[in-house]
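J.: Take this sequence and fold it.
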Amino acid sequence: MLKILFVLSLIAIIFLILLGLIRQTVQPKSTIRRRMASLETATAVDEPFAAPEYAQNARQQSAAGEGGFKKMLGAIAAALTPKKLRPIIQKGLVLAGKSREWGIAEFYGSCLLGAVMMWLFGFIMVHNAHYALVQRATMIFLLGLLGGLMPVVFLNTTIDKRQRKIQSQLPQVLDLLCVSVQAGLSFDASLSKITARMKGPLIDEFRRLQDDIRMGVVRRTAMRSMADRCGVEDVSLFMTSIIQAERLGTSMGNTLKNQADNIRERRRQYVKAQAMKAPVKIVFPLVLFIFPAIFVVTLVPSLLYLLKNLLNG
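T.: As a prediction, the model looks like this:
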């Protein structure tokens, strides 16, 4: 049964490779289609999650005539990617800050490649082993699932690290903005000074915000897009307060000062909450590692003494 499944999987892979070759050679890639893709890229600036996807499609259309094994694999992965998963993958790539480095098809292709490689490894591992058929099928399925989920776990870990860096850097950036605005600079000039002298994921998002505004994107739309790309509640509150301050004409210095105080207080409360969770989290290491060592040190000598007395008696 496993041999039949293995042969069917090989046939399916060969069929997909041939399908990709046919699409590369037969499907016309005209100049008009590339122009339409570039126009779609230019009109999709307002959407934070859709723009990288259009840009990726434009790059694929412009480089379609080059061919090559990498382009073929990219076409196969793009054809296999479900349409319902594309916005989810794109949002994850944007939140991880990798939308310009990774593509939807590349990420989904890495998941498929990991699953196939782990399936082949599991098939080789259980081929000559003395396991029942159900055990073999379960082991191969679990290994394939593990291989397919490894890129997802890596992406989620990257998102968590980036959001923690943004959240820890935001109070410092707000203090610098508040001082610069109170010293007489405008909000844009203060932001330019900070982005020129600092580094980090939040600074990269501020640079992208400035680029979007220079390209003609509406200011509040660019700010909301930045908040969506960060995925941090404090950044969303900060952007909302800036939009309201510009719309109502209130003092930018007072707004920044209030936001800096509020976010620093929220950060302090978050640290206190994490500190209150420490006694609960330390119970498991105590029970598993520290208590057995204490029992060995305190009870083993007494037990040895009792055994010695019983044997002598």
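
J.: Can you show me the helices along the stretch 151-300 of the chain?
T.: Ranges of helices in the stretch 151-300 of the chain, per DSSP state H, counting those that start in this stretch, are 187-197, 201-214, 219-230, 233-248, 252-276, 278-281, 283-285, 291-312.

J.: Give me the buried positions along the second one.
T.: It stands for helix 201-214. Residues of helix 201-214 classed as buried: 201-203, 205-206, 208-209, 212-213 (neighbour count, 16 or more other Cβ atoms under 10 Å). No exception for glycine: its C-beta is placed from N, CA and C like everyone else's.

J.: is it possible to export those to JSON lines including distance to F154 and pLDDT?
T.: Converted to JSON lines, the buried residues of helix 201-214 look like this (distance: Cβ to Cβ, whole Å; pLDDT from 0 to 100):
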{"residue": "P201", "distance to F154": "17", "pLDDT": "91"}
{"residue": "L202", "distance to F154": "22", "pLDDT": "91"}
{"residue": "I203", "distance to F154": "24", "pLDDT": "92"}
{"residue": "E205", "distance to F154": "21", "pLDDT": "91"}
{"residue": "F206", "distance to F154": "26", "pLDDT": "92"}
{"residue": "R208", "distance to F154": "23", "pLDDT": "91"}
{"residue": "L209", "distance to F154": "27", "pLDDT": "91"}
{"residue": "D212", "distance to F154": "28", "pLDDT": "90"}
{"residue": "I213", "distance to F154": "33", "pLDDT": "90"}
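
J.: now, among the residues you listed, which is nearest to L311?
T.: For the buried residues of helix 201-214, the minimum distance to L311 (Cβ to Cβ) is 67.9 Å, reached by P201.

J.: quick one, what contacts the closest one?
T.: With contact taken as Cβ atoms under 8 Å, 6 or more residues apart in numbering, P201 is in contact with 97, 162, 165-166, 169.

J.: Using ChimeraX, define a selection of the buried residues within these.
T.: In ChimeraX, this line selects whichever of the contacts of P201 come out buried by 16+ other Cβ under 10 Å:
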select :97,162,166,169
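
J.: So which of the contacts of P201 is the closest to I290?
T.: K165 (32.9 Å).

J.: Touching, that closest one and I203? I think so.
T.: No: K165 sits out of contact with I203 when judged by Cβ atoms under 8 Å, with a separation of 10.3 Å.

J.: still on that earlier bit, how about the helices of the stretch 151-300 of the chain, which one is nearest A105?
T.: Closest to A105 of the helices of the stretch 151-300 of the chain is helix 219-230 (Cβ to Cβ; 20.8 Å).

J.: what angle do the closest one and helix 233-248 make?
T.: Orientation check (axes from the mean of the first three to the mean of the last three Cα atoms, to 10 degrees): helix 219-230 against helix 233-248 gives 180 degrees.

J.: Output the contacting helices and strands for helix 219-230.
T.: Secondary-structure packing of helix 219-230 (3 or more Cβ pairs under 8 Å, 6 or more residues apart in numbering; DSSP states H and E): helix 86-95, helix 201-214, helix 233-248.

J.: can you list contacts of it?
T.: Around helix 219-230, the neighbours that count as contacts under Cβ under 8 Å, 6+ apart are 46-49, 94-95, 163, 166, 202, 205-206, 208-209, 212-213, 217, 235-236, 239-240, 242-243, 246-247.

J.: any idea of the mean pLDDT in that helix?
T.: For helix 219-230, mean pLDDT rounds to 90.

J.: ok, L155 to S225 distance?
T.: Plainly put, L155 is 20 Å away from S225 if you go by Cβ to Cβ, to the nearest Å.

J.: same check, this time on S180
T.: As for S180, its distance to S225 is 23 Å (criterion: Cβ to Cβ).

J.: got the contact list for R208?
T.: Per Cβ under 8 Å, 6+ apart, neighbours of R208: 226, 229.

J.: and with 10 Å instead?
T.: 48, 97, 100, 195, 222, 225-226, 229 (Cβ atoms under 10 Å, 6 or more residues apart in numbering).

J.: same thing with L142?
T.: Taking Cβ under 10 Å, 6+ apart, we find L142 in contact with 118, 122.

J.: so which helix or strand takes in it?
T.: Using DSSP states H and E, L142 sits within helix 133-182.

J.: Rounded mean pLDDT for that helix, please.
T.: The pLDDT scores in helix 133-182 average 87.

J.: ok, and the closest non-adjacent residue to G200?
T.: Of all residues not flanking G200 in the chain, Q169 sits nearest, at 5.0 Å (Cβ to Cβ, 6 or more residues apart in numbering).

J.: give me the low-pLDDT residue ranges for the stretch 1-150 of the chain?
T.: The model of the stretch 1-150 of the chain has pLDDT under 70 over residues 1-78, 80.
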